[in-house]
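Engineer: Here is my input; please provide its structure:
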Amino acid sequence: MHTRFFSFSDMPTTINLEQKGNCVLKNGTQVSCFVLNTFVSYTGVNVPDQMAIEVETILDSGSHSPRAFFRTHEGQSRMNTTFELARNQQRNSSVYVYIPNQFRDKLNPIKMEAKYRILESPASRQRRDTKPVLDQLNSTSVVRQIRIGNKCGSDNICYPSLRLSARESSGMKEYVLGKPEPLTFDVEVSNDGEDSFETMFFLNLPPGVNYIKTQAQPGPGQQNVAITCTHRGSGSRGGSDENVVICDIANPLPTGQNAKFKIFLAPVAAQMTLDTLNFSAKINSSNPERSHDLRNNQVDFRLNIFAQANLQVSGTSFTNQVQYCVDCPTPSAFTEELQIGPEVKHAYYIYNKGPSPVEAAQVRIIWPTHTKRNMHLLYLMEDPLVEGNAKCAKIKTNLKDIAIEKNLSLSYAPRKQQGVEIAATSLGAGSARRQRHIDQLDLLSDDFEQHFFATPREKRQSDASDLARVKWADPQQACGAAAECSSILCDISRLTVGEAVTITIRSRLWEESLRTLQFSKTNISSTASVHVQTLAHGMRPRSNQYYAAVVKTEVVPSTPALVKAGIEWWMILVGVLLGLLLLVLIILACWKCGYFKRKRPGVVGAAGAPITRSPPPSTNGRSQAGGNGNTPYYAYRYDYADNKYYPERAPGDAYL
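Structural biologist: Sure thing, here's the model as predicted:
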């Protein structure tokens, strides 16, 4: 069997993508297109009078990303067509083929391939006719190709001359680890030769640097050049070794055209493994350049990395002012912490403002535990409470083993109570004693007074590096030459940007010492110094970084209110008996003095009528007369005890 197969008749050999045809896709996009004509006929020896031949048309065969599609079936590059033919009869088919506006390969031609085969009809299978065989000397497929129009000259070969320029946008030579601003690079790709097809830009990134985006930066009066960038690889430590940004630039990149764009990168401190950032950028195209033009296709550059952290150290006193009892009696033995004095609690807050993480830092807190005479001052009750990624060394606390109130303990108090003072003030009775101001106090050294017994003026917090360095280098000077302080050391293992560590110290003001020293209103303060030792990736700060903060608590004396004592029953009994005894003594004294025998101005009779002087009645009914013939007058006194009248001699009477 011989088959004459004419396909792709009148197909153009070149297509210009800039000239759009009359083809419009369903979405309204205008594209370039052409007509594909297919002709089929057959002849042969002992072949049937009628046959069915199937033709498979493949557009842009051999390509993984087809560049041609059927107009009637958008997005499809393969189509099967069946032709019912009689011997020596020719049939044809015409379809529209369109080329999309955007695709990568614009250098290689588009191949059109047609494959055909004989279809066996059901009638021939029933008759068991001999199946026709195709001529083995002829191919069963036909291939034609169409080229994409370019400016490569008569030889249709383009030799570009690419030139690459890449640099860090700000011109920095060093990168601060953890810097919030992205790392940016200005890239310019220019073509001084013929059209460059599939121009690609590659930027190899070091580990720990992630790709963010690309932004076109056309020059004045220049048109935007299509640039599409993608990131390949994880870029993280322990992930894929590949970490590259790939950009497809203006396919094709015409002669004399340049593409300017900016690449934004984000270094991640936690994922970096080196102390330098090494970058390698290069460009190429699908049509090779001449050897002498390759020297401008690659740029290598590096940035040194250094770390820098800015810590914010601040402190607060949970109670700005505490009162101590001036005249309270000192207990013979302390059984509970409330007997010591009011609570003094300081908290220090260390915050990393960045930009780099802190791998290791040390905190030293100077706490005034004793006075010059080695008397307790701020008595440490328990170990510091640490919140955050830090740990404090063990210190001597509660030396007298006094019972700690559970609800006041740092390990028991809920977090929401932080910042609220839970103080207790002892009450007692007594009279006020004379107090002396601290300026007259000679029991403390001047250095100790300067740091811990300051006058009530406001003392500003200082984070100056020189002052902080002095406080760190000489803890004894920070405490006072003649004072005894506790040095509390805490290690911060890692403090990332935005994280903080809080250290809270709880103590009791030893009232007995203050009563002995007899001073008035004053301030007691503690000091915290922070030394940054190591930054991210084991880097040391370029200069020693020290920070310090001072927290003060004002102490004022308070005269306690008198306490009303209770009266015992035996006191009442003794008072009653003493009162009765006194009454008896008074009565006896009055009787002894004749108080009860005194004369009265008038006597009242039994009937209530006054008794006047008159002669006593005689037995014979006559009044008795005196010896001188005068009638005597008598006064009668009524004795209530005897119920009788007794005569008394009237004044001037010679007899009774």
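
Engineer: Per-residue confidence, Pro615, what does it come out as?
Structural biologist: pLDDT recorded at Pro615 is 50.

Engineer: and if you look at the one 5 residues further on?
Structural biologist: Here the pLDDT value assigned to Asn620 is 50.

Engineer: Renumber starting at 323 from here on
Structural biologist: With 323 as the first residue, the last one maps to Asn942.

Engineer: how about stretch 871-879: buried residues?
Structural biologist: Ala871, Val872, Val873, Lys874, Thr875, Glu876, Val877, Pro879 (16 or more other Cβ atoms under 10 Å). Glycine gets a C-beta too; all of them are placed from N, C-alpha and C.

Engineer: Arg426 against Ser385, yeah?
Structural biologist: No. Using Cβ atoms under 8 Å as the test, Arg426 is too far from Ser385 to be in contact (10.2 Å).

Engineer: quick one, which of those two is more surrounded?
Structural biologist: Comparing Arg426 with Ser385 by other Cβ atoms under 10 Å, the one with more neighbours is Ser385, at 16 against 13.

Engineer: So which bits of the host helix or strand of Ser416 are buried?
Structural biologist: According to DSSP states H and E, Ser416 maps onto strand 413-421. Neighbour-count burial for strand 413-421, counted by 16+ other Cβ under 10 Å, picks out Val417, Val419, Tyr420, Ile421.

Engineer: So which elements touch that strand?
Structural biologist: With contacts taken as 3 or more Cβ pairs under 8 Å, 6 or more residues apart in numbering; DSSP states H and E, strand 413-421 sits against strand 352-365, strand 372-381, strand 391-392, strand 400-408.

Engineer: Those strands into JSON lines, with extra columns for mean neighbour count and mean pLDDT?
Structural biologist: Compiled in JSON lines, the helices and strands packed on strand 413-421 are given as follows (neighbours: other Cβ atoms under 10 Å; pLDDT from 0 to 100):
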{"stretch": "strand 352-365", "mean neighbour count": "18", "mean pLDDT": "86"}
{"stretch": "strand 372-381", "mean neighbour count": "18", "mean pLDDT": "88"}
{"stretch": "strand 391-392", "mean neighbour count": "20", "mean pLDDT": "94"}
{"stretch": "strand 400-408", "mean neighbour count": "14", "mean pLDDT": "88"}
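
Engineer: Same list as before, the ones you listed that is, but in a markdown table and with distance to Ile662 included.
Structural biologist: A markdown table is the format used below for the helices and strands packed on strand 413-421 (distance: least, Cβ to Cβ, whole Å):
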| stretch | distance to Ile662 |
| --- | --- |
| strand 352-365 | 91 |
| strand 372-381 | 95 |
| strand 391-392 | 91 |
| strand 400-408 | 93 |
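
Engineer: Of these, which is nearest Asp705?
Structural biologist: strand 391-392 (77.0 Å; Cβ to Cβ).

Engineer: Next, count neighbours for Asn513.
Structural biologist: So Asn513, with other Cβ under 10 Å, has 25 neighbours.

Engineer: And the one 10 residues further on, by the same measure?
Structural biologist: Neighbouring residues of Phe523 were enumerated by other Cβ under 10 Å; the total is 24.

Engineer: Which secondary structure state does it sit in?
Structural biologist: strand (DSSP: H, G, I helix; E, B strand; the rest coil).

Engineer: now it, nearest residue through space, not along the chain?
Structural biologist: Residue nearest to Phe523 in three dimensions, not counting chain neighbours: Cys569, with 4.0 Å by Cβ to Cβ, 6 or more residues apart in numbering.

Engineer: same question, Ser492
Structural biologist: Thr506 (7.5 Å).

Engineer: Where does that neighbour fall, secondary structure wise?
Structural biologist: strand 505-513.

Engineer: neighbouring strands for that strand, and are they parallel or not?
Structural biologist: Its sheet considered, strand 505-513 pairs with strand 484-490 (antiparallel), strand 580-589 (antiparallel) by DSSP bridges.

Engineer: Give the next helix or strand downstream of the shortest one.
Structural biologist: Taking DSSP H and E as the definition, the helix or strand that follows strand 484-490 towards the C-terminus is strand 496-498.

Engineer: surely the residue nearest to Phe523 meets Thr550?
Structural biologist: Yes. Cys569 lies in contact with Thr550 (Cβ under 8 Å); the separation is 6.7 Å.

Engineer: Next, count neighbours for Leu707.
Structural biologist: 19.

Engineer: likewise Ala858?
Structural biologist: 23.

Engineer: Would you confirm that it contacts Val590?
Structural biologist: No. Taking contacts as Cβ under 8 Å, Ala858 lies outside contact range of Val590: 10.7 Å.

Engineer: Just say helix, strand or coil for Asn460.
Structural biologist: coil.

Engineer: re earlier: ok, which of the helices and strands packed on strand 413-421 comes nearest Gly637?
Structural biologist: Proximity to Gly637 (Cβ to Cβ) singles out strand 352-365 among the helices and strands packed on strand 413-421, at 72.3 Å.

Engineer: Now do the closest one against strand 372-381, angle only.
Structural biologist: 150 degrees (axes from the mean of the first three to the mean of the last three Cα atoms, to 10 degrees).

Engineer: Check which helices and strands strand 352-365 is in contact with.
Structural biologist: By 3+ Cβ pairs under 8 Å, 6+ apart, strand 352-365 packs against strand 324-331, strand 345-346, strand 372-381, strand 400-408, strand 413-421, strand 432-441.

Engineer: strands paired with the last one, and their directions?
Structural biologist: Paired neighbours of strand 432-441 in the sheet (DSSP bridges): strand 372-381 (antiparallel), strand 463-470 (antiparallel).
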